[in-house]
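A.B. asks: the sequence and its predicted three-dimensional model are supplied below.
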Amino acid sequence: MVPSVLIVDDEKHTREGLQQALAENYDVTVAANADEAFNLLDSQPYDVVLTDLRMPGKSGLKVIDKALSLPQRPAVLMMTAYGNIETAVEAMKRGAVDFLTKPVNIERLEVLIQRALKTRTLEVEVRQLHERLDEKFNFEGIIGGSGALREVIERVRLVAPSRATILVEGESGTGKELIAQAVHQASPRARGAFVAVHCAALSENLLESELFGHERGAFTGATERRVGRFESADGGTLFLDEIGEISASTQVKLLRFLETKAIERVGGSKPLELDVRLVAATNRDLEAMVRQGRFREDLFFRLNVIRIRMPPLRERADDIPLLLAHFIRQFSTENAVPPLTVEPGALRTLQRYAWPGNIRELRNFCENVVVLRRGGSLTEYDLEARFRGDTPVPAPAAAAVPVAPGAATLAPAVPAAPSLSVEENEKRLLREALLKARGNRTRAAALLGLSRRTLHRKLARWPELDVID
């Protein structure tokens, strides 16, 4: 797409000469004064505005103000025959990216336009990145509406604007880092850096250097000064994941920062004062570790100013349909495959599953079924045994278990555990028959030696078996 340029100048020969010189590479529009320029700026967006400074009526500085007040801000260049330092400074203060004097050198003008276009492109990309971050990590971007998750979100809303240190607790895979990012994005530090460190992934020495930086010669191999993650997060948020894994010496240094808001690089002696908000996360019981002498009590109290507990997925069963829909849509788009439909029976089965790996496990499950099935529908009978809770018990070869008095057996039979009641045993065998028949009631009845009517009557007692015809 050809970049668009608006030239604003009250001298006809100047604006027409510039239009002719730039017309080969740009879509050029001209305006004879500020009012005319205002109308053009309101009617369509421009990539670059080149404006004279002194014009009858409103000056070029007013054109700069107008252009930079628009939702899609153009890059602005100022030109004048009365160039001086004061004028250039004022134009740059208003937001002009550069300054030219008349008569305009066309080669220099084209260089400045290209430079201005690159600057504008970078600004647009940065703005879009922030918008995507806001969309991804704002509260609406946290998927779920269960009571447990709403409590978490409400707490995030309350604490995000503060400077308080936050401790996020929860099992692995529950989304602790996502909550930390949401806290950052909802805080006054949102335009600062969000720096994440996974403490368990680094050895003691590497972690200290990673967090606090080091001076040249601090240890073997330290050939130059290194800026640590604390310094990188100055003005923003530092997220320390798996805080329960840090060593005793690192605990001392972290405690010192929380007390003084200053750090020292490894091998250094000069304190560096920093403005960093700390959010820590753990899947360990820090209070138990304190009692065992494995975690400093004073550090725990410093970290535990605000505590947020992330509920495991098994406590958020109502959120599972929303999470499934989100991840299936995401992976279908990424892999350019048709979206997968999850049938009601499969959905209920997945909601009953404990999800020991939490959201991380559910996400991996969604990617697996999207890639392997490539569209279609997912039924309960397509799920692995672990999702259904099936735990088959090996049986003697000749074993046969009756479904009910006078009924035939399901061969090969899978006997119930001795502790099961007759009713539980019957229900289990019905389920096995339906699974083998992939939900077809006629085939399931044949496997059990029952009439279809008898099978329907029995299934009416257990609608949760969710059969399909």
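C.D. replies: On my side now, so go ahead.
A.B. asks: name the element the closest residue to E297 other than its chain neighbours belongs to?
C.D. replies: For E297, ignoring the flanking residues on the chain, the nearest one in space by Cβ to Cβ, 6 or more residues apart in numbering is V290 at 4.9 Å. Just so you know, the C-beta spots here come from the backbone N, C-alpha and C atoms, and that holds for glycine as well. Using DSSP states H and E, V290 falls within helix 286-291.
A.B. asks: so what touches that helix?
C.D. replies: L167, E169, I243, G244, F295, R296, E297, F300, L303, N304 (Cβ atoms under 8 Å, 6 or more residues apart in numbering).
A.B. asks: could you dump those residues into CSV and include neighbour count and distance to V156?
C.D. replies: Listed next are those as CSV, based on neighbours: other Cβ atoms under 10 Å; distance: Cβ to Cβ, whole Å:
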residue, neighbour count, distance to V156
L167, 22, 13
E169, 19, 14
I243, 27, 19
G244, 19, 22
F295, 22, 25
R296, 19, 27
E297, 13, 27
F300, 18, 21
L303, 24, 17
N304, 15, 17
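A.B. asks: and those residues as CSV, adding secondary structure and distance to R73?
C.D. replies: As requested, these are exported to CSV (DSSP: H, G, I helix; E, B strand; the rest coil; distance: Cβ to Cβ, whole Å):
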residue, secondary structure, distance to R73
L167, strand, 41
E169, strand, 44
I243, helix, 42
G244, helix, 47
F295, coil, 50
R296, coil, 50
E297, helix, 53
F300, helix, 48
L303, helix, 42
N304, coil, 45
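A.B. asks: what packs against the one helix or strand E426 maps to?
C.D. replies: Taking DSSP H and E as the criterion, E426 maps to helix 422-436. Helix 422-436 is packed against helix 441-448, helix 452-459, with contacts defined by 3 or more Cβ pairs under 8 Å, 6 or more residues apart in numbering; DSSP states H and E.
A.B. asks: looking at those, which one is packed in the most?
C.D. replies: Mean neighbour count (mean count of other Cβ atoms under 10 Å) peaks for helix 441-448 among the helices and strands packed on helix 422-436, with a mean of 19.
A.B. asks: what sits against V279?
C.D. replies: Applying Cβ under 8 Å, 6+ apart to V279 gives the contacts T165, I166, L167, V168, A180, V183, H184, T237, L238, F239, L240.
A.B. asks: which one of the residues you listed is nearest to V2?
C.D. replies: Taking Cβ to Cβ as the measure, V2 lies nearest H184 of those, at 39.6 Å.
A.B. asks: on the three-state scheme, that closest one is what?
C.D. replies: Following DSSP: H, G, I helix; E, B strand; the rest coil, H184 is assigned to helix.
A.B. asks: what's the pLDDT at the nearest residue to it once chain neighbours are set aside?
C.D. replies: In space, and not counting its chain neighbours, H184 is closest to T237: 4.2 Å by Cβ to Cβ, 6+ apart. At T237 the predicted local confidence, pLDDT, stands at 96.
A.B. asks: likewise N33?
C.D. replies: Per-residue confidence at N33 stands at 93 (pLDDT).
A.B. asks: that one is in contact with D10, isn't it?
C.D. replies: Yes - counting by Cβ atoms under 8 Å, D10 is a contact partner of N33 at 5.8 Å.
A.B. asks: intersection of neighbour lists for those two?
C.D. replies: Shared contacts of N33 and D10 (Cβ under 8 Å, 6+ apart): M55, P56.
A.B. asks: which parts of stretch 216-229 are buried?
C.D. replies: Neighbour counts over stretch 216-229 (16 or more other Cβ atoms under 10 Å) mark A218, R226, G228, R229 as buried.
A.B. asks: ditto for stretch 331-343
C.D. replies: F331, S332, L340, V342, E343.
A.B. asks: find the nearest non-adjacent residue to the second one, please.
C.D. replies: Okay, so that is S332. Of all residues not flanking S332 in the chain, P339 sits nearest, at 4.5 Å (Cβ to Cβ, 6+ apart).
A.B. asks: what sits against that neighbour?
C.D. replies: Contacts of P339 (Cβ under 8 Å, 6+ apart): I328, R329, S332, G375.
A.B. asks: phi, psi of it?
C.D. replies: With angles defined as degrees, to the nearest 10, P339 sits at phi -70, psi 150.
A.B. asks: same check, this time on the one 10 residues further on
C.D. replies: For T349, the backbone dihedrals (degrees, to the nearest 10) come out as phi -60, psi -40.
A.B. asks: excluding sequence neighbours, find me the nearest residue to it.
C.D. replies: Once flanking residues are discounted, T349 sits nearest to E380: 4.9 Å by Cβ to Cβ, 6+ apart.
A.B. asks: any idea how far that neighbour is from R457?
C.D. replies: Distance of E380 to R457, given as Cβ to Cβ, to the nearest Å: 21 Å.
A.B. asks: hmm, L447 is touching A437, no?
C.D. replies: Yes - counting by Cβ under 8 Å, L447 touches A437, with 6.3 Å between them.
A.B. asks: just checking, T223 touches H214?
C.D. replies: No - using Cβ under 8 Å, T223 is not in contact with H214; the gap is 10.5 Å.
A.B. asks: picking up where we left off before, and the residue nearest to E297, how many neighbours does it have?
C.D. replies: Close neighbours of V290, defined as other Cβ atoms under 10 Å, add up to 16.
A.B. asks: roughly how far does it sit from L278?
C.D. replies: Note on V290: its distance to L278, by Cβ to Cβ, is 18 Å.
A.B. asks: host element of F365?
C.D. replies: helix 358-373.
A.B. asks: OK, contacts around the residue lying closest to R265 once chain neighbours are set aside?
C.D. replies: Counting by Cβ to Cβ, 6+ apart, G213 is the residue found nearest to R265 once chain neighbours are left out, at 4.3 Å. Applying Cβ under 8 Å, 6+ apart, we find G213 in contact with R225, R226, V227, G228, F230, E231, I263, R265, V266.
A.B. asks: of those residues, which belong to helices?
C.D. replies: F230, E231 (DSSP state H).
A.B. asks: wait, the residue nearest to H184 touches Q185, no?
C.D. replies: No - with contacts counted by Cβ under 8 Å, T237 stays clear of Q185, the gap being 9.3 Å.
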